[in-house]
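Student: Fold the following and give me the result.
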Amino acid sequence: MTKSLQLAAPTVQAFVAEIFAAAGSSPREASLLASHLVEASLAGHDSHGIGMLPTYVDSAQNGELKLNQSLRTVSDLGGILMTDGQRGVGQVMAHDAMCLGIERARVAGLALVGLSDAFHIGRIGAYAEQAVAAGLVSLHFVNVLSEPQVAPFGGKIARLGTNPIAIGIPRAGAEPIIIDMATSRWAIGKVRVAHNKGEKLPPGILLDSQGETSLDPGDIFGIPKGALTTFGEHKGWCFALAAELLGAALVGGITQSRPKTRPELINSMLTILISPERLGTAEHFARETDALVAWVQSDENGQPSRVKLPGDPERKYREDRRVAGLPIDRVTWNQILAAARSVGLEHDPAR
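Tutor: Predicted coordinates for the structure are as follows:
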């Protein structure tokens with residue numbers, strides 16, 4: 001086990017932005033990317049937080065991640081918008097695609113946005129949060145084009161990525177419902193975090209290269225590699241397959257239908273945005289949502305229970321980590337410092 005550092009989020013965010021600026025990102029790109037990574041860490045999703053920085057810097061240096069790209073519109077039919085991320089910084093490409101979709105959904109009541117060929121877009125829940133902040137319901141299906149990491153249910157060999165799905169549900173006068181999950185039992189980044197901390201995995205998360213259950217997170221990074229399992233057995237496998245086809249094939253992206261041939265980490269995403277206001281059901285939707293939430297969060301005596309809503313754990317993490325700082329294990333921090341040195345930055349804000 002490696003002892004973690006505790007660093008203030010603003011300090012880390014400024015350092016991350018500085019690293020990407022030194023790597024060649026524009027001020028806007030560096031700021032958006034740093035904000036997204038730190039927000040993911042604040043929300044408790046260390047798998048998609050600042051620990052991704054070394055991968056991004058390395059990918060920018062080897063040309064796989066294209067810095068300072070602009071989102072390209074492939075086709076625009078008003079309520080249907082198809083875009084190409086051109087292997088640019090995924091957090092910027094997805095943010096900008098969502099801005100365009102939100103604008104259309106507010107007018108028409110419904111928008112479908114396809115984003116293909118963006119570099120890793122990070123925590124998908126961020127885009128559901130972006131939608132609910134605009135009063136919109138959102139559904140997101142994402143594929144992951146990289147080294148196959150997840151075995152289909154009944155299989156022993158990795159064939160797909162972790163293929164996340166997110167759903168955002170706004171609530172008037174209350175915190176939104178944010179459903180954000182990988183279709184594997186764990187995201188690969190979460191396994192990386194455990195590996196860096198020297199921790200073992202719970203049973204059922206990982207298969208070794210022979211298809212046997214493993215507790216060693218290193219098995220997913222070894223040669224030959226192991227494989228993650230899907231959540232909910234066959235149910236997670238069904239969602240993973242759907243995310244692959246809807247999140248990539250339907251929007252013009254490339255599916256994970258072959259072994260890895262280049263150092264890529266590419267996402268495509270299908271987003272559907274719905275305006276309850278334009279549907280004319282906003283008041284009914286809010287009333288029924290509140291009634292349902294009250295029902296599921298009450299016990300047999302009608303008293304409040306301990307049931308959490310999707311999004312509650314992230315809000316608690318944010319509250320705690322804004323006060324205590326971001327916990328960063330020393331292996332991950334040393335990897336971040338090495339990435340900083342590779343772009344000419346020698347200082348360590350933890351000192």
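
Student: What ranges does the chain have for its helices?
Tutor: 9-23, 27-42, 53-61, 90-108, 125-133, 188-197, 234-247, 276-279, 282-296, 312-324, 330-342 (DSSP state H).

Student: out of those, deepest packed?
Tutor: Of all those, helix 125-133 carries the top mean neighbour count, a mean of 23, counting by mean count of other C-beta atoms under 10 Å. Backbone N, C-alpha and C define where each C-beta goes, glycine included.

Student: packing partners for it?
Tutor: helix 27-42, helix 90-108, strand 137-145, strand 165-169, strand 177-181, strand 266-274 (3 or more C-beta pairs under 8 Å, 6 or more residues apart in numbering; DSSP states H and E).

Student: again, only using 7 Å
Tutor: helix 90-108, strand 137-145, strand 165-169, strand 177-181 (3 or more C-beta pairs under 7 Å, 6 or more residues apart in numbering; DSSP states H and E).

Student: As a quick check, tell me the outermost residue of this protein.
Tutor: Distance from the C-alpha centroid of the chain, by C-alpha atoms, centre = their mean, peaks at Asn301 (38.2 Å).

Student: Let me have the helices of the chain in a markdown table, extended by distance to Asp84 and mean pLDDT.
Tutor: Below are the helices of the chain laid out as a markdown table (distance: least, C-beta to C-beta, whole Å; pLDDT from 0 to 100):
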| stretch | distance to Asp84 | mean pLDDT |
| --- | --- | --- |
| helix 9-23 | 22 | 98 |
| helix 27-42 | 17 | 98 |
| helix 53-61 | 18 | 97 |
| helix 90-108 | 9 | 97 |
| helix 125-133 | 17 | 98 |
| helix 188-197 | 25 | 89 |
| helix 234-247 | 15 | 97 |
| helix 276-279 | 28 | 97 |
| helix 282-296 | 33 | 97 |
| helix 312-324 | 30 | 97 |
| helix 330-342 | 27 | 96 |
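
Student: contacting residues for Gly247?
Tutor: For Gly247, the contact set (C-beta atoms under 7 Å, 6 or more residues apart in numbering) comprises 141-143, 163, 268-270.

Student: one more time with 10 Å
Tutor: Gly247 is in contact with 114-116, 124, 140-144, 161, 163-165, 253, 255, 267-271, counting by C-beta atoms under 10 Å, 6 or more residues apart in numbering.

Student: so what's the one residue sitting closest to the centre of the chain up against?
Tutor: By C-alpha atoms, centre = their mean, the mean C-alpha position of the chain lies nearest to Arg123, the distance being 2.0 Å. Shown in contact with Arg123 (C-beta under 10 Å, 6+ apart): 36-37, 39-41, 43, 45, 47-49, 52, 91, 129, 164, 166, 180, 187, 189, 314.

Student: still on that earlier bit, just tell me which of the helices and strands packed on helix 125-133 ends up closest to Phe239.
Tutor: strand 165-169 (6.1 Å; C-beta to C-beta).
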